[in-house]
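> Take this sequence and fold it.
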Amino acid sequence: MRACLHGGHSRDFCDHAQDSLDDLAAAYARQGFSLVALTEHMPPLSNRWRYADEVALGRDAAWMAGRFAAYVQKARQLRAEYAGRMEILVGMETEWYEHAGPWIAQLRHLYALDMVVGSVHHVAGVCFDASPESYAQAQAAAGGLVDLYLAYFDAQLTLLKSVRPEVVGHFDIIRIFDPHGEETLVRPEVWARVRRNLEAVRDLGLVLDANVAAWRKGAAEIYPCTPVLEAARDMGIALAYGDDAHAVAHVGFAWERLDAHLRALGMTASVAGPQGSWPVWRAMPAT
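Below you'll find the model as predicted:
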């Protein structure tokens with residue numbers, strides 16, 4: 001069965017997305033998905049945490065909070081519309097920055113969200129994944145490239161323990177603008193953080209987002225990259241397909257390629273999630 005646990009960003013509720021949420025849901029249904037988690041970005045805690053495109057459009061935090069409420073309402077309408085044909089989870093993708101934890105908890109409770117994708121896009125108060133320039137700014141703020149990685153994985157661990165997201169978004173996206181990202185990732189001091197965080201994922205019973213957006217953008221590796229996938233496999237951690245769709249054209253991207261990739265690494269179809277019903281890939285832990 002096809003399932004996507006990180007997707008459904010639409011132009012209706014995300015300024016850097018294309019196509020309507022109606023059209024995205026219809027595209028998932030056409031492609032035979034049995035389960036889709038709509039995971040729109042959480043609204044910012046304050047104007048301080050707006051993205052550049054949101055600032056340029058004159059958005060403010062209060063307006064974006066209202067837009068998020070409208071997203072939840074629309075997503076629930078779609079869930080009812082597709083009932084019996086495709087299960088829709090009404091979810092949210094997080095940010096992580098100062099004081100984000102209580103805000104996430106408030107949103108989760110207020111809207112009774114079905115699930116959360118826990119993602120980190122900021123280090124040292126700087127959004128690092130918007131552009132090479134923003135990455136360089138975050139690197140400078142962190143004190144260097146290795147320190148950027150260390151700070152990222154430290155922030156991620158705090159998120160995992162504080163929020164306990166059902167899905168861990170693009171685990172190693174900190175590689176995004178590092179041309180030698182895999183080499184940096186396996187440096188001993190960084191890799192120790194990677195393994196520590198994977199152990200937390202395992203112990204908390206969370207699912208890793210097998211995020212194919214990197215392939216879509218021309219990268220050789222998905223998030224997480226092969227060394228992380230192998231470590232996750234050996235720990236028995238489940239992985240779920242995430243197209244991170246921001247347009248109809250992204251829906252279902254590289255599903256077959258991901259299936260082949262994970263199977264080649266020794267993972268097979270399984271189930272996970274709060275009710276044990278989410279289609280995933282995993283391998284039994286090594287003994």
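
> Looking at stretch 2-21 now, give me its mean pLDDT.
Mean pLDDT, stretch 2-21: 96.

> can you give me the end-to-end distance of it?
Using Cα to Cα, to the nearest Å, the end-to-end distance of stretch 2-21 comes out at 19 Å.

> same check, this time on stretch 215-229
One end of stretch 215-229 to the other measures 15 Å (Cα to Cα).

> tell me how far that stretch is from the chain's mean position?
Between the centre of stretch 215-229 and the centre of its chain there are 14 Å (Cα atoms, centre = their mean, to the nearest Å).

> mean confidence score for that stretch?
Stretch 215-229 comes out with an average pLDDT of 97.

> Kindly report the same for stretch 26-44.
pLDDT averaged over stretch 26-44 gives 98.

> At which residues are the helices of this protein located?
For the chain, the helices defined by DSSP state H cover 21-30, 52-56, 61-81, 100-111, 132-142, 145-163, 181-185, 188-204, 213-216, 226-235, 255-264.

> which residue packs closest to residue 172, ignoring adjacent ones?
Spatial nearest neighbour of residue 172, excluding adjacent residues (Cβ to Cβ, 6 or more residues apart in numbering): residue 224 at 4.8 Å. The way it works is simple: take the backbone N, C-alpha and C, and place the C-beta from them, glycine included.

> so the one you found sits right up against residue 208, yeah?
Yes: contact status for residue 224 versus residue 208: in contact at 6.5 Å, counting by Cβ atoms under 8 Å.

> Scan this structure for its longest strand.
With secondary structure taken from DSSP state E, the chain has its longest strand at strand 33-41.

> CA atoms only: put stretch 232-242 into CSV for me.
What follows is stretch 232-242, C-alpha atoms only, in CSV (Å, rounded to 0.1, in the frame of the first residue of the first chain):
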residue,chain,number,x,y,z
ALA,A,232,18.5,3.1,11.2
ARG,A,233,18.0,-0.3,9.6
ASP,A,234,20.3,-1.9,12.2
MET,A,235,18.3,-0.3,15.0
GLY,A,236,15.0,-1.5,13.6
ILE,A,237,13.8,2.0,13.0
ALA,A,238,10.8,2.4,10.6
LEU,A,239,11.0,4.7,7.6
ALA,A,240,8.0,6.2,5.8
TYR,A,241,7.7,7.7,2.4
GLY,A,242,7.7,11.5,2.3
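
> for that stretch, the distance to its chain's centre please.
Relative to its parent chain, stretch 232-242 has a centroid offset of 14 Å by Cα atoms, centre = their mean.
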